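Trainee: Got a predicted structure here, sequence first:
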2 protein chains.
Amino acid sequence: MSGTTRALRSDAERTVRTILAAAERVLSKNPAASMEQIAEAAGVARTTVHRRFASRDALVAAMADWATRRFAEAVDAAHPETTPPLVALYQVTANVLRVKIDWGFAMNLAYTTDAAAQVHADAEERCERLFARARETGMLRADVDLRWARRVYYALIHESAQDRDGDPEALAARLVDTLLRGLGTGQGL
Amino acid sequence: MSGTTRALRSDAERTVRTILAAAERVLSKNPAASMEQIAEAAGVARTTVHRRFASRDALVAAMADWATRRFAEAVDAAHPETTPPLVALYQVTANVLRVKIDWGFAMNLAYTTDAAAQVHADAEERCERLFARARETGMLRADVDLRWARRVYYALIHESAQDRDGDPEALAARLVDTLLRGLGTGQGL
DNA sequence: AGAACTTGCAACACTAATGTTGCAAGTTCG
DNA sequence: CGAACTTGCAACATTAGTGTTGCAAGTTCT
């Protein structure tokens, strides 16, 4: 039984992922797109979408959860609490960019689901803790506000993720450089 | 005749602005809000909204135009082509923040209308020209990409505008400081 | 008071999207 | 092959939002 159902279930799983990917593509271009448009982009009938997701809200919630899971993996993989701050910053940035480039819309649904909200709230805290370590090691200025630092960092992540065909490593390098050094020379300040 | 119609017309104008302000308030919280919700927030009947704006799209377009006009005024008032770059940067930033704090949603409709699109495209060019001047005077690093500079600047404007109750001058100061100096000390790079 | 105009209200028509169901056709696997 | 399961298709019910109209009541100004 488990062999059979596993095979059959994997078909369904594949369909689910196809739909999620299509929804990301369509909704990132037009957040008000209909289920019909999403189904068409996924190459399935609208009824199939409704079979997999009870409602539009359920589909959106599934997108939030899916992207959030990938986001959490991206953060964890960089071991931001144990790696030296600068290295961690590069790693997290590149990893998160990889996810955000593909799931930009879904990642903006951070506070749609309780589970997703929890992960993102945790991530914010971890981010600020990383910046706290960076400040202690003299990497960040002593007077920098951690909350503002995180907000600027997030804003730069968001902006960098618009370069959908760029190399995540290069994007991360530019981002970190801008975050730490800014764009000025320091003349006339 | 002109006296009479002017008085009557001003009533209508007042209603129009009330509706625009309400739409901004409501739609910034929920972009999918209905005309009913907007009307309620404006303290008028839904039919009144429909009398002033032929359709939902027309309302949204009016919001885009209104915010764009205020945005253009904010930029012009800073005389970014003739004032020294650093001063101009502060002035433009503070002025634009004042508008964006109140019309954040409407300002994101930049490319809804042809007229608005034109203004915003112009503003982007003017922004990059300002940064070009800043680079020539040694305020910005010589190797900085103007397009990236503008994108970072816009991202910081967007983020700063979230502090809806902050003093625009103080927000501008923090923004420019972050843009030019970044958040790092320069140690270990 | 009277003209010009605006508003709220109730009622209506219309549309687009959502969500459901039944069934025939197809697949994967044992 | 037959069981389990999934899909597409057609048809349907329901709803929420949009946009329209007529009319009575109200205002502002002359």
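Mentor: Arrived safely, thanks for sending.
Trainee: quick one: low-confidence ranges for chain A?
Mentor: Scanning chain A for pLDDT under 70 picks out A:1-10, A:188.
Trainee: who in it is up against chain B?
Mentor: When proximity is defined by Cβ under 8 Å from any Cβ of the partner chain, chain A lies next to chain B at A:31-32, A:86, A:138-141, A:144, A:148-149, A:151-152, A:154-156, A:158-159, A:162, A:174, A:178-189. For glycine as for every other residue, the C-beta is placed from the backbone atoms N, C-alpha and C.
Trainee: In helices only, show me these.
Mentor: Mapping the residues of chain A next to chain B onto helices (DSSP state H) picks out A:86, A:148-149, A:151-152, A:154-156, A:158-159, A:174, A:178-181.
Trainee: now, which of the residues you listed sits nearest DNA strand D?
Mentor: DNA strand D lies nearest to residue A:158 out of those, by Cβ to the nearest atom of the strand, at 28.2 Å.
Trainee: Can you tell me how far that closest one is from residue A:66?
Mentor: 19 Å (Cβ to Cβ, to the nearest Å).
Trainee: more neighbours, those two?
Mentor: residue A:66 (20 against 16; other Cβ atoms under 10 Å in any protein chain shown).
Trainee: can you give me phi and psi for the more buried one?
Mentor: Per-residue torsions, residue A:66: phi -60, psi -50 (degrees, to the nearest 10).
Trainee: wouldn't it be in contact with residue A:20 here?
Mentor: Yes - Residue A:66 lies in contact with residue A:20 (Cβ atoms under 8 Å); the separation is 5.6 Å.
Trainee: Identify the contacts common to these two.
Mentor: Common neighbours of residue A:66 and residue A:20, counting by Cβ atoms under 8 Å, 6 or more residues apart in numbering or on different chains, are residue A:106.
Trainee: does the residue nearest to residue A:52 when sequence neighbours are not counted sit in a helix or strand, and which one?
Mentor: Ranked by Cβ to Cβ, 6 or more residues apart in numbering or on different chains and with sequence neighbours excluded, the top spatial neighbour of residue A:52 is residue A:16, at 5.4 Å. Under DSSP states H and E, the secondary-structure element containing residue A:16 is helix A:2-29.
Trainee: contacting residues around the closest residue to residue A:18 other than its chain neighbours?
Mentor: Nearest-residue entry for residue A:18: residue A:42, 5.1 Å, with adjacent residues in sequence omitted and distances by Cβ to Cβ, 6+ apart. Residue A:42 sits next to A:18, A:19, A:21, A:22, A:23, A:49 when contact means Cβ under 8 Å, 6+ apart.
Trainee: What separation do you get for residue A:42 and residue A:108?
Mentor: Where residue A:108 is concerned, residue A:42 sits at a distance of 20 Å (Cβ to Cβ).
Trainee: One more: residue A:140?
Mentor: Separation of residue A:140 from residue A:108 (Cβ to Cβ) stands at 27 Å.
Trainee: now residue A:88
Mentor: As judged by Cβ to Cβ, residue A:88 and residue A:108 stand 24 Å apart.
Trainee: do residue A:179 as well
Mentor: Counting by Cβ to Cβ, the gap from residue A:179 to residue A:108 is 21 Å.
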